[in-house]
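> return atomic coordinates for the entry below.
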Amino acid sequence: NFTRTLTAVRPSPLIAELAAAEAGPRAATGAEAGKVVTDADSATPLGERLSGLPKAEQDRALLELVRAQVASVLGHGGAEAVEAGRAFKELGFDSLAAIELRNRLNAATGLRLAATLIYDYPNATALADHLRTELLGADAAVSGGVAAPAVAVADDPIAIVAMSCRFPGGVRSP
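This is a model prediction of the structure:
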């Protein structure tokens, strides 16, 4: 609407190009034609390839993909230079590197990932699990085990390092 109003009196080639670019992706989805988009319609080639593999192979393939992209963004020689469990912040990621990684993973997976990707999934393993969920669905990405709750040990030492109180009305101790 804005572009039509702006160019109604005086045409602008730049605005015309923007309007054409804006209409292009929407027309490609088929949403304007009333077509219902299903999961089968949005399947990616990578998702189709992974669906034929056992779970362990899916995990390995996605982890290698993530590690290779991280290594590429950071300028490392290969995926082996990136530890799977090490936090992206520790590896040297900043916001620009995060966007670069997101863009590379968008291209490699065919997904549309959030800009906050490395902050939501802080290491390569967590990110690979998220990609598996996005590509294959939540049922296929259920992790192997449930973490057991930590149990307190009766003989754990407790140390009170310091305590300070200021109470009104002459109260001197807690």
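> low-confidence ranges in this structure?
The model of the chain has pLDDT under 70 over residues 1-9, 16, 18-43, 138-156, 158-165, 174.
> wait, what's in contact with T125?
By C-beta atoms under 8 Å, 6 or more residues apart in numbering, the contact set of T125 is 63, 84-85. Just so you know, the C-beta spots here come from the backbone N, C-alpha and C atoms, and that holds for glycine as well.
> one more time with 10 Å, if that's ok
By C-beta atoms under 10 Å, 6 or more residues apart in numbering, the contact list for T125 reads 59, 62-63, 66-67, 83-86.
> show me which helix runs longest in the protein.
Counting residues, the longest helix found in the chain (DSSP state H) is helix 55-74.
> show me what counts as buried in it.
Of all the residues in helix 55-74, those buried under the rule 16 or more other C-beta atoms under 10 Å are 58-59, 61-63, 65-74.
> give me the helices and strands touching it, please.
When contacts are defined as 3 or more C-beta pairs under 10 Å, 6 or more residues apart in numbering; DSSP states H and E, helix 55-74 packs onto helix 45-51, helix 88-91, helix 95-109, helix 124-136.
> deepest-packed of the ones you listed, please.
helix 124-136 (a mean of 21; mean count of other C-beta atoms under 10 Å).
> just the angle between that one and helix 55-74, please?
120 degrees (axes from the mean of the first three to the mean of the last three C-alpha atoms, to 10 degrees).
> now helix 124-136 against helix 95-109, angle please.
Using the same axes, to 10 degrees: helix 124-136 against helix 95-109 is 40 degrees.
> returning to that earlier point: and which of the contacts of T125 is nearest I15?
Using C-beta to C-beta, V66 comes nearest to I15 of the contacts of T125, at 39.4 Å.
> now do the contacts for that closest one.
Here V66 is in contact with 79, 82, 84, 101, 104-105, 108-109, 121, 123-131 (criterion: C-beta under 10 Å, 6+ apart).
> contacts only, for R10.
Per C-beta under 10 Å, 6+ apart, neighbours of R10: none.
> just to revisit the earlier point, would CSV of the helices and strands packed on helix 55-74 with distance to G170 be doable?
Compiled in CSV, the helices and strands packed on helix 55-74 are given as follows (distance: least, C-beta to C-beta, whole Å):
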stretch, distance to G170
helix 45-51, 70
helix 88-91, 49
helix 95-109, 53
helix 124-136, 54
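> out of those, nearest to E17?
Nearest to E17, of all these, is helix 95-109, at 22.3 Å by C-beta to C-beta.
> hang on, the earlier thing: export the contacts of T125 to JSON lines and tack on distance to L96?
Shown next, in JSON lines, are the contacts of T125 (distance: C-beta to C-beta, whole Å):
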{"residue": "D59", "distance to L96": "29"}
{"residue": "L62", "distance to L96": "24"}
{"residue": "L63", "distance to L96": "24"}
{"residue": "V66", "distance to L96": "18"}
{"residue": "R67", "distance to L96": "20"}
{"residue": "E83", "distance to L96": "22"}
{"residue": "A84", "distance to L96": "23"}
{"residue": "G85", "distance to L96": "24"}
{"residue": "R86", "distance to L96": "20"}
